[in-house]
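# Task: produce atomic coordinates for the following.
(chains A and B)
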Amino acid sequence: MSGKREIDEISGVEVTGHEWDGIKELNNPLPRWWLYTLYGTIIWSLGYVVVYPAIPGLTDATKGLWGWSSRADIRNEMNMVAEGQKAITDKISAMDITAIMADPEVRAFAISAGASTFKVNCVQCHGSGAQGGPGYPNLNDDSWLWGGTPEAIVQTIQHGIRDPIDPDTRITADMPAFGKDGMLTPEQISQVGNYVLKIAGLGNDEALATPGAEVFKANCASCHGDNGEGKQDMGAPQLNDAVWLFGGTLQDITHQLNTPRHGVMPAWEARLGDTKVKELAAYVLSLGGGQ
Amino acid sequence: MATTTLIDKQDVKAVNTGAKTAGSLYAARKKIFPKRAQGAFRRLKWIIMAVTLGIYYLTPWLRWDRGAHAPDQAVLIDMASRRFYFFFIEIWPQEFYFVAGLLVMAGVGLFLVTSVVGRAWCGYTCPQTVWTDLFIKVEELIQGDRNARMRLDKASWGPRKLFLIGSTHLTWLLVAVATGGAWIFYFADAPTLLKNFVTLQAPFVAYATVGVLTATTYVFGGLMREQVCIYMCPWPRIQAAMLDEDSLVVTYNDWRGEPRSQGTKKAAAAGLAVGDCIDCNACVAVCPTGIDIRDGQQLECITCALCIDACNGIMDKIGKPRGLISYSTLRDYNHNMAVASPAPGVIDPHRVRNALGQFVDTLRHFEWRVFFRTRTVLYSAAWAAIGLALVFALLTRDRLEVNVLHDRNPVAIKMSDGSVRNGYVIKLLNMVPEPRIVKLSIEGLPGAEISIAGLEGVRGRSTDIPVEPDKLRSLHVFVTVAPQLLKAGNTSFRITASDMQSFESDVYDAIFEVPENMK
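From the prediction side, this is the model:
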């Protein structure tokens, strides 16, 4: 590497001595300002180290002069969002659900806000599309155990159903265990089961359904209505329709007659507050069920 | 030919010679003081500068009446509402392919221009070149031409130097502020923004944008200039792939210039053969990147053609034909060099001239035919095809659209009467700046009815929906089929949006889904 410098003939430029398959690297000088730019970026990075969190320790890192943190950043951002939404959330808290649904702007906001609250608190039972499942009501349809009017939905979310903690929760005399407690014989249960299938239009044994009508009138009509139309203020489900919470086969109905199951829904007002409850109701109403 | 006109040799050296063997790892920038050029190409460059800067500064101030529901600025990029207005054309974000198409055309156009006339983009229209040109002109107006500027540069600092250099930089900064300032008017209503800007009520981003563009214009046009072209720009590197032997590039014609000599009279007296180049260095003195075109094609050459102007001026003065430096193809150059060279590396001026001093017929000169080559024809065809496709797309595009998204969770809902309901998010796009009543209807799917969340009382198979001007209206639409008409599986039907006044309509082929257990 000593001695005379080698000069490339064509360009007249010195070569570095690096060569690959006969191709030699020319030693063109870098512009000086380029070097100064590199120094500039190094100085700039020192500024970063001073003002931002930079040097890691065992349990923590240096805080930096500006005290910046990504957590504080997101907190500020969330506060700013909340502040920006304050005008409309104030409106929602002052309006009742009917008024909210009548105001397009407030309604649109309430539905979006309700949807996100729903995703956090409600999907565990009612499903991410609010389609429910066996034992958990579908909120998209037009069949409502405790009423599907805007006010009834708000009340259900506020105080829950059969929630032992909320004194205003809706709870009525539960359906008796007709089979287990021996109130009806197995034969009567089979008869009334077929009668229920008949009024629901689900296909039945006519020979059993005819005597079943009498059993129904004596034992069931007081809550479920003479024609099985249900009573929403008692939470007694409509029986002459196509929607079945615990299943619509003879086996499912028999199971319910023997050992009835009763849904429980927590009260949400204490946890979410009045505004969020109304937003949730607006979201549920937007699903196209509602009454 | 002997001449009585005395041409002084310019004291100038190409910046890219000498430093190459300096041995230092880092090279300091050599100052360049481009001399004022005069001629056809200089005039062309002034015209192009006036046109391009004129378009840039004035466009945002053109008005275009679009009625009461849209802005009246002819060219406006409305980021907040996501609309792009260009005279009679309005583009929504999903129509961005028009812009993509224009960019592809710009790309192909660049290939075309480069294959025909080399780096014409670099030399005439690149903003770096245009603004550098402008900044050099400012420098020249304040400090004088090349020699005066060099004297001033060497002079020691005093009030005069301070005043001249200071006012140059101040003028550059004013130009830079105007440049950055013009940019922001493309993004908001120009008169309103100008008023807010000077009264300090414009948004921060406006000031930041003007600040950044002022800084880059000042630094790139005033301070860095050719350094941007040589060290920062990737374009010179890409050139090699786009030029071919038939591209016209700025060329020093060695075959008629060499051997160059300052003393043509003495040489003639001594019986030595000399070429047309009198080695006056005029071509080097005017070069804005500070190179010597006589060294051949170089990365640093932006083909601004000012050396052609300079040399033609000299040739006129000494009574020689123009074109010692000219736009020539490599093919012609090689041919003429072969005519002139009795042996490699030797040029005999007698071989290209006859006894009367005229050029021999075997030499090749510029011909229009070089414009029409397979390559340029293909580029032009591709360019025109994309352009026609864009025009066709523009003329046939929809201004009323319906977009449908079938609810997925849940797909289908069984209602208490046994009917089945599917939900759809339907977006009606009214893409004209007028309010419209859009008739939304379903076709096919017997027994189906629609209802819409938030719009009470809508029942049936069609409904009229008012849509605000230039807006999208999103609806959650439920389609319900009565139990006796239910068919398990997927049934196709059509969702139609139509404007009964303009007879525009758009159709979406939708699916109604009934799961087996809901039949």
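
# C-alpha from now on. contacts and neighbour counts both.
Will do.

# Might you enumerate the residues of the stretch 1-150 of chain A proximal to chain B?
A:7, A:12-14, A:27-33, A:35, A:101, A:128-131, A:140-143 (CA under 8 Å from any CA of the partner chain).

# Separate out the buried members of the residues you listed.
Neighbour-count burial (16 or more other CA atoms under 10 Å in any protein chain shown) applied to these gives A:7, A:13-14, A:27-29, A:101, A:128-131, A:140-143.

# So which of these is the closest to residue B:132?
Distances from residue B:132 to those, taken as CA to CA, are shortest for residue A:29 (24.5 Å).

# ok, the closest one touching residue B:26?
Yes: taking contact to mean CA atoms under 8 Å, the distance of 4.9 Å between residue A:29 and residue B:26 places them in contact.

# What are the boundaries of the helices in chain A?
With DSSP state H, the ranges of helices along chain A come out as A:32-51, A:70-94, A:97-102, A:104-121, A:123-126, A:150-159, A:186-200, A:206-219, A:221-224, A:250-258, A:269-272, A:274-286.

# so of the ones you listed, which one's packed in deepest?
Burial of the helices of chain A is given as mean neighbour count (mean count of other CA atoms under 10 Å in any protein chain shown); helix A:274-286 ranks first at a mean of 25.

# residues making contact with it?
Under the contact criterion CA atoms under 8 Å, 6 or more residues apart in numbering or on different chains, helix A:274-286 has outside partners A:89, A:92-93, A:96-97, A:100-101, A:107, A:110-115, A:117-118, A:139-140, A:150, A:153-154, A:157-158, A:268-269, A:290, B:453-454.

# got it, and stretch B:60-67?
When contacts are defined by CA under 8 Å, 6+ apart, stretch B:60-67 is touched by residues B:71-76, B:87, B:182, B:185-186, B:190-191, B:433.

# Does the residue most central in space within chain B lie in a helix or a strand, and which?
The central residue of chain B, meaning the one whose C-alpha is nearest the mean C-alpha position (CA atoms, centre = their mean), is residue B:106 at 6.8 Å. Under the criterion DSSP states H and E, the helix or strand holding residue B:106 is helix B:97-117.

# Can you tell me the strand partners of the strand of greatest length in chain A and which way each runs?
In chain A, with assignment by DSSP state E, the single longest strand is strand A:15-20. With DSSP bridges as the criterion, the sheet partners recorded for strand A:15-20 are strand A:23-26 (antiparallel).

# For the partner strand, what is the distance to the chain centroid?
For strand A:23-26, the gap between its own C-alpha mean and the chain's C-alpha mean amounts to 65 Å (CA atoms, centre = their mean, to the nearest Å).

# Need the pLDDT of the nearest residue to residue B:387 once chain neighbours are set aside.
Nearest in space to residue B:387, with sequence neighbours left out and distances taken as CA to CA, 6 or more residues apart in numbering or on different chains, is residue B:105 at 7.1 Å. Here, the pLDDT recorded for residue B:105 equals 96.

# I figured residue B:105 hits residue B:383, correct?
Yes: if you go by CA under 8 Å, residue B:105 and residue B:383 touch, sitting 5.6 Å apart.

# Would you pull up how far the helix or strand of chain B with the lowest mean pLDDT lies from the middle of the chain?
Averaged element by element with mean pLDDT, DSSP states H and E, chain B has its least confident helix or strand at helix B:264-269 (a mean of 74). With CA atoms, centre = their mean as the basis, helix B:264-269 stands 50 Å off its chain's centre.

# Run through chain A and note the low-pLDDT ranges.
For chain A, the stretches with pLDDT under 70 are A:1-4.

# Which residues in stretch B:364-378 does the neighbour count mark as buried?
B:364, B:371, B:376.

# ok, of the residues you listed, which one's closest to chain A?
Relative to chain A, the closest of the buried residues of stretch B:364-378 is residue B:364; by CA to the nearest CA it sits at 27.0 Å.

# For the stretch 1-150 of chain B, just list every one of the helices.
Listed in chain order, the helices found in the stretch 1-150 of chain B under DSSP state H, counting those that start in this stretch are B:40-58, B:97-117, B:120, B:127-143, B:146-154.

# Identify the residues contacting the second one?
To tie it back to what came earlier, the one meant is helix B:97-117. With contacts defined as CA under 8 Å, 6+ apart, helix B:97-117 is touched by B:119-121, B:239, B:242-244, B:246-249, B:370-371, B:375-376, B:379-380, B:382-383, B:386-387, B:390.

# so what's residue B:312 up against?
By CA under 8 Å, 6+ apart, the contact list for residue B:312 reads B:322-325.

# Could you do residue B:500 as well?
Neighbouring residues of residue B:500 by CA under 8 Å, 6+ apart: B:437-439.

# Residue B:403 too?
Taking CA under 8 Å, 6+ apart as the definition of contact, the neighbours of residue B:403 are B:426-429, B:508.

# Show me how the record splits the chain into domains.
Going with chain A. For chain A, whose domains are defined here by automatic domain parsing, the residue ranges read A:72-169+A:265-286, A:186-258.

# think we crossed wires, I meant chain B
Listed by automatic domain parsing, the domain ranges of chain B are B:35-58+B:71-241, B:248-371, B:400-518.

# and these, which one is worst for confidence?
Within the domains of chain B, the least confident segment by mean pLDDT turns out to be domain B:248-371, at a mean of 89.

# what about the residue of the stretch 251-400 of chain B found nearest chain A, how many neighbours?
Distance from chain A to each residue of the stretch 251-400 of chain B (CA to the nearest CA) is smallest for residue B:295, at 10.1 Å. If you count neighbours by other CA atoms under 10 Å in any protein chain shown, residue B:295 ends up with 12.

# can you give me phi and psi for it?
Backbone torsions of residue B:295, given as degrees, to the nearest 10, read phi -80, psi 0.

# so what's it up against?
Residue B:295 is in contact with no residue at all, counting by CA under 8 Å, 6+ apart.

# Tell me which residue is most central in chain A.
Geometric centre of chain A, nearest residue: residue A:119, 1.3 Å, by CA atoms, centre = their mean.

# The nearest residue to that residue once chain neighbours are set aside and residue B:276, how far apart?
Here the nearest residue to residue A:119 in space, its sequence neighbours aside, is residue A:128; by CA to CA, 6+ apart that works out to 6.5 Å. Here the criterion is CA to CA, to the nearest Å. By it, residue A:128 lies 86 Å from residue B:276.

# With adjacent residues omitted, what lies nearest to residue 33?
Answering for chain A, as no chain was given. residue B:28 (7.5 Å).

# actually chain B
residue B:146 (5.4 Å).

# does that neighbour really touch residue B:37, like I thought?
No: with contacts counted by CA under 8 Å, residue B:146 stays clear of residue B:37, the gap being 10.6 Å.

# Comparing these two, which residue is more hemmed in?
Set residue B:146 next to residue B:37 and count neighbours by other CA under 10 Å: residue B:37 wins out with 22 against 18.

# hmm, back to that, identify all contacting residues around the longest strand of chain A.
Contacts of strand A:15-20 with the rest of the structure, by CA under 8 Å, 6+ apart, involve A:1, A:5-8, A:24-27.

# Give me the buried positions along that strand.
By neighbour count, and taking 16+ other CA under 10 Å as the criterion, the buried residues in strand A:15-20 are residue A:15.

# Over to stretch A:236-253?
For stretch A:236-253, the buried set under the neighbour-count rule, 16+ other CA under 10 Å, comprises A:236-246, A:248-250, A:253.

# now do stretch B:400-408
Going by neighbour count (16+ other CA under 10 Å), the buried part of stretch B:400-408 is B:400-404, B:406-407.

# CA atoms of it as PDB?
This file holds the C-alpha atoms of stretch B:400-408, laid out as PDB (Å, rounded to 0.1, in the frame of the first residue of the first chain):
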ATOM      1  CA  LEU B 400     -73.800   9.300  -8.200                       C
ATOM      2  CA  GLU B 401     -72.600   6.100  -6.600                       C
ATOM      3  CA  VAL B 402     -74.000   3.600  -4.200                       C
ATOM      4  CA  ASN B 403     -71.600   1.500  -2.000                       C
ATOM      5  CA  VAL B 404     -73.000  -1.400   0.000                       C
ATOM      6  CA  LEU B 405     -71.500  -3.300   2.900                       C
ATOM      7  CA  HIS B 406     -73.500  -6.300   4.000                       C
ATOM      8  CA  ASP B 407     -73.600  -6.600   7.800                       C
ATOM      9  CA  ARG B 408     -71.400  -9.500   8.900                       C
END
